[in-house]
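[1] Here is my input, please return the structure:
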Amino acid sequence: MINKPLSGMGNSKPQGATVLGPGDFPLGSPESRVAARLRLQSVGVGGELPSDCICFPEKEQPFFCEPYEEEIAAKVKCPLHGDRFQQPAYVMYVSKWRREKEPARRQRLSPQHQKAWNASFPPELWPAEEEMEGGKLFLRLKDGTRLLAYELEVRASAATSSIVSTLGRAAGSRAGLENPVL
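    This next block holds a predicted model:
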């Protein structure tokens with residue numbers, strides 16, 4: 001028996017035994033039309049993303065000005081696909097003038113990209129104001145909510161000191177990054 005990949009037709013996702021399709025009902029019946037409509041909503045029409053999808057388009061991946069933006073966006077999952085973008089392997093410094101111009105650039109991107117960005121950063125809450133307090137960077141949203149973005153700790157050791165930058169939201173998990181200071 002020859003194994004043929006299913007990915008050629010865009011049907012690489014396995015269907016469960018209990019998933020009803022249009023072929024399970026008489027041709028032209030209301031049930032077959034509903035099943036066809038539900039299937040089209042889940043896979044999209046004519047190559048477009050489904051209406052419930054909040055993923056970033058494959059050719060328009062997000063650009064983050066701050067590391068905490070990437071972490072916040074990664075925590076928001078698409079209800080249909082899960083992860084919404086490919087996370088870069090590195091963090092890069094973004095200059096102040098570039099950060100200031102980024103909102104205008106985002107307005108020129110596709111409606112799907114804007115929908116995906118607004119799912120992570122709703123315009124009624126963002127942009128947030130940054131507040132530094134006791135070695136911690138907080139983000140104050142427009143509704144007054146405060147989120148922990150960075151926590152800086154200085155650790156003294158015999159050979160070197162290191163600054164530990166902890167990214168995280170106030171109620172979210174934390175991921176530590178260590179950068180030796182010479």
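
[2] Going by C-alpha atoms from here, please, whenever you check contacts or count neighbours.
    Fine.

[3] Please, which helix or strand holds W126?
    Here W126, judged by DSSP states H and E, is contained in no helix and no strand.

[4] what's near enough to touch it?
    141-142 (CA atoms under 8 Å, 6 or more residues apart in numbering).

[5] try F56
    62, 84-85, 112-113, 116-117.

[6] Give me the contacts around the lengthiest helix in the chain.
    Looking across the chain with DSSP state H, the single longest helix is helix 30-43. Applying CA under 8 Å, 6+ apart, the contact partners of helix 30-43 are 20-26, 49-51, 80.

[7] between those residues, which has the most around it?
    Among the contacts of helix 30-43, the one with the most neighbours (other CA atoms under 10 Å) is P22, at 19 neighbours.

[8] among the contacts of F56, which are in strands?
    Per DSSP state E, strands hold no members of these.

[9] Including neighbour count, distance to L147 and pLDDT, could those go into CSV?
    Conversion of the contacts of F56 to CSV gives the following (neighbours: other CA atoms under 10 Å; distance: CA to CA, whole Å; pLDDT from 0 to 100):
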residue, neighbour count, distance to L147, pLDDT
P62, 21, 21, 95
R84, 23, 22, 94
F85, 20, 23, 94
Q112, 18, 27, 94
H113, 22, 24, 96
A116, 22, 21, 96
W117, 18, 18, 97
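
[10] sec struct for D143, please.
    coil (DSSP: H, G, I helix; E, B strand; the rest coil).

[11] if I look at it, how far off is S32?
    46 Å (CA to CA, to the nearest Å).

[12] what do you get for C53?
    Counting by CA to CA, the gap from C53 to S32 is 24 Å.

[13] which one of the two has more residues nearby?
    Neighbours were tallied for C53 and for S32 using other CA under 10 Å; the higher tally belongs to C53 (21 against 18).
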